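A.B. asks: Could you look at this predicted model? Sequence included:
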Amino acid sequence: MNLLPAPPRPPLQRTALFLDVDGTLVELAPTPESVVVPPDLVPLLQKLHTALDGALAIVSGRTIATLDRMLGATGLPAAGVHGGEFRIDPDGAVTEVTPHLPASLQDRAWAIIDELSRRWPGVRGEDKGPAFSFHYRLAPEAEPALRQAIATLDLGSDWEILSGHAIFEIRSRGQSKGAAVRRLMTLPVFAGRDPLFVGDDRTDIDGIRAAAALGGAGIAVNGLQAEDARWALRDPQAVRAWLRSLLD
Ligand SMILES: O=P(O)(O)OC[C@H]1O[C@H](O[C@H]2O[C@H](CO)[C@@H](O)[C@H](O)[C@H]2O)[C@H](O)[C@@H](O)[C@@H]1O
């Protein structure tokens, strides 16, 4: 139960907005591909991007290529794969700042998926380049076996496991939504503004913490327990209503 108040309307000329996607802008769905994007979401984001003089970025665990397939080629500034890749300019290329998983680690990750999906067909893998996701939303009973299998991976000092909504992910250490916010805030279009990070999952806590440390604040969605969050919104529908209210 989150007892934080709803966020006010911040002054747009002083605000930088960082938005998580799954569970924040759009409702969670059974698979990554079955997410439904409300038709008014992209126009809303584009209007806000303009109203904020460009100081709006998507900060997601998804790849930017996947975000573009989901949302269309918006050209919006984005950090993908938990800060493993960035798109800064509307027409700019995607820059990867962390390496891809080594082939040996990818092979071992796929071997876990192959083995467990024979028993639980809902277990699925998602190769994201600088990260790898193990999904179990369609097979929640596989979670303990998956957790155990992933714990046997030799990750060395360069890679780590994080968990989110019905997902485990391998990502590079040092790669986080917090690091993404800090990097984006050095760009002229964001610098000097108060960062506001909106997110719903454990992986968003780093982004919320970074925003608070940079003089801004975090908005916790769907009961996310984030110590550094100042405000809360119930669900993606409430997030979208709040975003619309910023344009009033
Ligand atoms: O940081 P986000 O934008 O919230 O992305 C986090 C992960 O989102 C996707 O997985 C999650 O959403 C799926 C669709 O609702 C759901 O089926 C799955 O259980 C969730 O974990 C995406 O597939 C991942 O790569 C992202 O890391």
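C.D. replies: The structure has been received and is ready for your questions. Fair warning: this is a prediction, and the values are worked out from it, not measured in the lab.
A.B. asks: What is the longest helix of the protein by residue count?
C.D. replies: In the chain, assigned by DSSP state H, the helix with the most residues is helix 103-119.
A.B. asks: in its sheet, what does the helix or strand that that one is followed by sit against?
C.D. replies: Toward the C-terminus, helix 103-119 is succeeded by strand 124-127 as the next helix or strand (DSSP states H and E). Strand 124-127 sits in its sheet next to strand 131-135 (antiparallel), going by DSSP bridges.
A.B. asks: how far out from the middle of the chain is the partner strand?
C.D. replies: 13 Å (C-alpha atoms, centre = their mean, to the nearest Å).
A.B. asks: ok, and what's touching the helix or strand just after it?
C.D. replies: Moving toward the C-terminus from strand 131-135, the first helix or strand encountered (DSSP H and E) is helix 143-151. Outside helix 143-151, the residues that touch it by C-beta atoms under 8 Å, 6 or more residues apart in numbering are 112, 115-116, 119-120, 123, 134, 136, 161, 166, 168, 170. Yep, even glycine has a C-beta here, placed from its N, CA and C like the rest.
A.B. asks: Report the buried members of those residues.
C.D. replies: 112, 116, 120, 123, 134, 136, 166, 168, 170 (16 or more other C-beta atoms under 10 Å).
A.B. asks: near the ligand, which residues of the chain?
C.D. replies: With C-beta under 6 Å from any ligand atom as the criterion, the chain comes near the ligand at residues 20-23, 28-32, 35, 60-62, 126, 128, 133, 135, 137, 164-167, 201, 203.
A.B. asks: how near is Lys47 to Val37?
C.D. replies: Distance, Lys47 to Val37, by C-beta to C-beta, to the nearest Å: 16 Å.
A.B. asks: Tell me the one of the buried ones among the contacts of helix 143-151 nearest Ala103?
C.D. replies: Nearest to Ala103 among the buried ones among the contacts of helix 143-151: Ile170, at 13.3 Å, using C-beta to C-beta.
A.B. asks: returning to that earlier point: biggest separation within the buried ones among the contacts of helix 143-151, which pair?
C.D. replies: Trp120 and Ile170 (19.3 Å).
A.B. asks: and the lowest-mean-pLDDT helix or strand in the chain, what other elements does it pack with?
C.D. replies: For the chain, counting by mean pLDDT, DSSP states H and E, strand 95-96 ranks last in confidence among helices and strands (a mean of 87). Where contact means 3 or more C-beta pairs under 8 Å, 6 or more residues apart in numbering; DSSP states H and E, strand 95-96 is packed against strand 85-87.
A.B. asks: what about the residue of the chain at minimum distance from the ligand, neighbour count?
C.D. replies: Across the chain, the shortest distance to the ligand (C-beta to the nearest ligand atom) belongs to Gly61, at 2.4 Å. For Gly61, the neighbour count with other C-beta atoms under 10 Å is 29.
A.B. asks: Name all residues that make contact with the residue nearest the centre of the chain.
C.D. replies: Using C-alpha atoms, centre = their mean, the residue of the chain that lies closest to the mean C-alpha position is Ser60, 2.5 Å off. Neighbouring residues of Ser60 by C-beta under 8 Å, 6+ apart: 20-22, 67, 78-82.
A.B. asks: repeat that with 10 Å
C.D. replies: Counting by C-beta atoms under 10 Å, 6 or more residues apart in numbering, Ser60 touches 19-22, 24-25, 66-67, 70, 78-83, 177, 180, 199, 203-204.
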